[in-house]
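Trainee: heads up, no residue letters with this:
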């Protein structure tokens, strides 16, 4: 057996407590003659239904980051559990709705909620999870000051709005011929980075760090999300299948306007012409990926990712994370940010 | 010109302030390169787009009830504006999603949001309005104590969850042959009564009334909602077209499992047989409505509504509403509860 990483050890330690917090957070959903609503939520969380278990639960990176940030800020991760549960619930709310919006039929190896219960019930279940996330966050005041509770609430609202703004742009991009780079960054800032930024910030907030340190944690989460997305964009075109678990060049076939694509379109050369010349089959996608690489799209995206990684690691350094939890954050950042290694 | 009612006078006075509060509450939605998201929200609120104006805005009964309850509880209605805006936003969030879930193509005389911008954007816009509602509620702490802000937050979370539980049951009923009366009341308690109960309760909370008085206000809102729904059920089968603005007997044609229908089905007589005998055309609906009335369905529903009206008026009396605002609440209750007069 290979040695466990610090993150894996912490994950084994914290997951049962997180599970218990989540169970409490969603308990009320079945209270008014609505056991099926509760079932739909536990299905989405990966606890019930066919193939329930760790794979269906997902990696739970975000809630674990909340807890580790709290510990690294000098706090006790147990005090941040309501915020961790809120983050996991908001993440799952957004997945339930995204799957309807994107017409996604499978998620974590299982049929999506709307595939099982229909669209109407799925939209409503996402809404219920949204409400439960807010209810969980309020529980912060039990173990933290009312001020911390109110501040967490404030940044949570902004985060949820940013999530929907990012999603709004992502959906809008599908119908646009071209997307400005600025819009791309707005989209990623909302859809991918906002919840990671919140996770790190609220964890440090529960540790009672200064506003300056809190801002460094937020920035770390933000740049972590931004760089992660750019690397995901690269993997979506050039990644080996086994690394990302979906077919490589897939993002070209679905015409996703990722960073390398936007770079390639702006050149108005071979990639631009191929992109605008009818359907993109998997075979054509392979050729287009080679043209895009030759035109500098891959190098551009990689250097952008590298710059964002530096910004993330620098923000983390400025946050002065303490002890073992600090080591885990650094280890995790390097792991998450270097998926291509 | 006919004399204005106390409610109309208050409405004329308060609406501009409510509008301003709502404008502030939604301003951030266009901040991150998402002016179209802001447009979608102002369209839903009835401010922009074809046929924008008072009719498209809706009656705004719920937010006005928040303000009147605050005044009737001895407070200044201006202090309750953030809660009023939150209620109006949650109501509109639920309308945007309901219209998708029910496949509703028009709302307040205009195409629904999903008809104009598509389902994916509409789901996401509902989510954005949900987040903005929470953000607005937090502004309560500016003019009220942190305790009032936290308490309002707590009952708001429960209310939003109850809304989704009611909607869950309502959708589920469509696929059920029969619905237990208990489930019907759970559904109405969530879908119709919860937000009215919250409106009255949070208004009185902002006035700083005692917990006992606050509970009477909540009960008033709850029974107001319950009785209102039962009367809507009656109007949906026997109402004159001009009174409700939609075709009478319509609820039979769409096989909606309203209270009179559940009563009729439980008798297992003529109505039960007609209901279970193939499609319900408008012509057949008219005959079924007469059978249901003869079998006691209308009288049963009306006596239930009357009982709920008594409970509502009694709760209002126990709440001891003060001054002109108290008069308006009593007047409004009688008006809302006696639509059939």
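Mentor: Great, that's in hand. What you see is a predicted model, and the numbers here were worked out from it, not measured in a lab.
Trainee: Okay, now the unreliable bits of chain A?
Mentor: A:1-2, A:240-249, A:337-341 (pLDDT under 70).
Trainee: quick check: domain ranges of it?
Mentor: For chain A, the structural domains run A:1-208, A:210-341, going by automatic domain parsing.
Trainee: Give the bridge partners for residue A:107, please.
Mentor: Listed by DSSP bridges, the beta-bridge partners for residue A:107 are residue A:110.
Trainee: ok, it to residue B:159 distance?
Mentor: Computed as C-beta to C-beta, to the nearest Å, the residue A:107 to residue B:159 distance reads 29 Å. Using the backbone N, CA and C atoms, a C-beta is placed for each residue, glycine as well.
Trainee: With neighbour numbers in mind, choose between the two.
Mentor: Shown here are residue A:107 and residue B:159; by other C-beta atoms under 10 Å in any protein chain shown, residue B:159 has more neighbours (22 against 19).
Trainee: residues in contact with that one?
Mentor: B:90, B:194, B:195, B:197, B:198 (C-beta atoms under 8 Å, 6 or more residues apart in numbering or on different chains).
Trainee: Need the max-distance pair from the residues you listed.
Mentor: Within these, two members stand farthest from each other by C-beta to C-beta: B:90 and B:197, at 12.8 Å.
Trainee: Assign a three-state SS to the residue nearest to residue A:305 when sequence neighbours are not counted, would you?
Mentor: Counting by C-beta to C-beta, 6 or more residues apart in numbering or on different chains, residue A:305 lies nearest to residue A:230, which is 4.3 Å off, once chain neighbours are set aside. Secondary structure of residue A:230, reduced to three states by DSSP: H, G, I helix; E, B strand; the rest coil: helix.
Trainee: Same check on residue A:12?
Mentor: Here residue A:12 takes the helix state, with states given by three-state DSSP.
Trainee: Tell me the spacing between it and residue A:267.
Mentor: Look at residue A:12 and residue A:267: by C-beta to C-beta, they are 48 Å apart.
Trainee: try residue A:166
Mentor: Plainly put, residue A:166 is 26 Å away from residue A:267 if you go by C-beta to C-beta.
Trainee: helices and strands around the helix or strand residue A:71 falls within, which ones?
Mentor: Applying DSSP states H and E as the criterion places residue A:71 in helix A:61-72. Helix A:61-72 sits against helix A:6-26, helix A:81-101, helix A:194-206, helix A:323-337, with contacts defined as 3 or more C-beta pairs under 8 Å, 6 or more residues apart in numbering or on different chains; DSSP states H and E.
Trainee: How far away from the center of its chain is that helix?
Mentor: Relative to its chain's centre, helix A:61-72 lies at 14 Å (C-alpha atoms, centre = their mean, to the nearest Å).
Trainee: What lies in contact with it?
Mentor: Where contact means C-beta under 8 Å, 6+ apart, the residues beyond helix A:61-72 that reach it are A:7, A:10-11, A:14-15, A:18, A:76-77, A:79-81, A:83-85, A:87-88, A:91, A:195-196, A:199-204, A:206-207, A:217, A:221, A:319, A:321-326, A:328-329, A:332, A:336.
Trainee: can you check stretch A:292-308 too?
Mentor: Residues contacting stretch A:292-308 (C-beta under 8 Å, 6+ apart): A:223, A:226-227, A:230-231, A:233-234, A:237-238, A:259-261, A:263-264, A:267, A:269-271, A:337.
Trainee: hmm, try it at 6 Å
Mentor: For stretch A:292-308, the surrounding residues in contact (C-beta atoms under 6 Å, 6 or more residues apart in numbering or on different chains) are A:223, A:226-227, A:230-231, A:234, A:259-260, A:263-264, A:267, A:269, A:271.
Trainee: Thank you, goodbye.
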